[in-house]
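Asker: Just need the structure, nothing else, for what follows:
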Amino acid sequence: MTTSPALLRRRFLAGTAAVLALSLAGCASFNERAPRVTVAGVEPATGQGLEMRFNLVLRVQNPGDAALNFDGVALDLDLNGNRFASGVSDAGGTVPRFGETLVTVPVSVSAVSAVRQIVGLFDGRGATGVPYELRGRLAGGTFGTTRFTDRGRLDLPGFGG
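Answerer: Numbering: from 1, shown residues only. This is a model prediction of the structure:
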């Protein structure tokens, strides 16, 4: 008995839809165990020319059942709603299951961004810490790149905060 092309196409579409649904369900459950990345500290570093440098210390927490391997970090840091700094690091390591580790990422701040933030501090917007948003990604791991975000307030060395 031969099967018609229309029947084969319907079976193929039904199978594809089932695989897609299972994949999305798997991703949803995996995201519940996604690593949490927060700012643990900011340390001054030596800059060059009109550029300022900081070492941003990140705390990476792994609430998952398996160890998390990573081999690089990239991030952008916004302060007071404005782009402030960016950084990359080829730092790598393993965060054990239900564990955490600290990762240091050097970040660069342009002179324009620094002046914008200093003006904001004189306007009183940074009197009790500067609101920040951190966006980035951890490279590597079992499922490839893991994106992260973090928000809060921080005091920057050299800004009087």
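Asker: Low-confidence bits of this structure, can you list those?
Answerer: Residue ranges of the chain with pLDDT under 70: 1-3, 5, 7-32, 112-128, 141-143, 155-161.
Asker: what about 90?
Answerer: Scanning the chain for pLDDT under 90 picks out the ranges 1-35, 41-42, 44-54, 68, 79-84, 109-132, 140-146, 152-161.
Asker: got the domain boundaries for it?
Answerer: 1-32, 33-154 (automatic domain parsing).
Asker: ok, which stretches of the protein are strands?
Answerer: For the chain, applying DSSP state E gives strands covering 36-45, 52-62, 68-70, 73-79, 82-89, 93-95, 99-109, 130-138, 146-154.
Asker: For burial, what's the neighbour tally of Arg151?
Answerer: Neighbourhood size, Arg151 [other C-beta atoms under 10 Å]: 12. C-betas here are computed from N, CA, C, even on glycine.
Asker: what do you get for Phe84?
Answerer: Neighbours of Phe84 under the rule other C-beta under 10 Å: 23.
Asker: Show me what stretch 48-57 is in contact with.
Answerer: Residues outside stretch 48-57 that contact it (C-beta atoms under 8 Å, 6 or more residues apart in numbering) are 39-47, 75, 77, 85, 87, 102-111, 114, 156-158.
Asker: okay, it in CSV with CA atoms only?
Answerer: Taking C-alpha atoms only, stretch 48-57 is exported to CSV below (Å, rounded to 0.1, in the frame of the first residue of the first chain):
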residue,chain,number,x,y,z
GLN,A,48,45.0,54.8,29.6
GLY,A,49,44.6,58.2,28.1
LEU,A,50,41.0,59.4,28.5
GLU,A,51,39.8,55.9,29.2
MET,A,52,38.9,54.8,32.7
ARG,A,53,39.1,51.1,33.7
PHE,A,54,37.4,49.0,36.4
ASN,A,55,37.4,45.4,37.4
LEU,A,56,33.8,44.3,37.8
VAL,A,57,33.6,41.3,40.1
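Asker: Can you point out the buried residues in that stretch?
Answerer: Residues of stretch 48-57 classed as buried by neighbour count (16 or more other C-beta atoms under 10 Å): Met52, Arg53, Phe54, Leu56.
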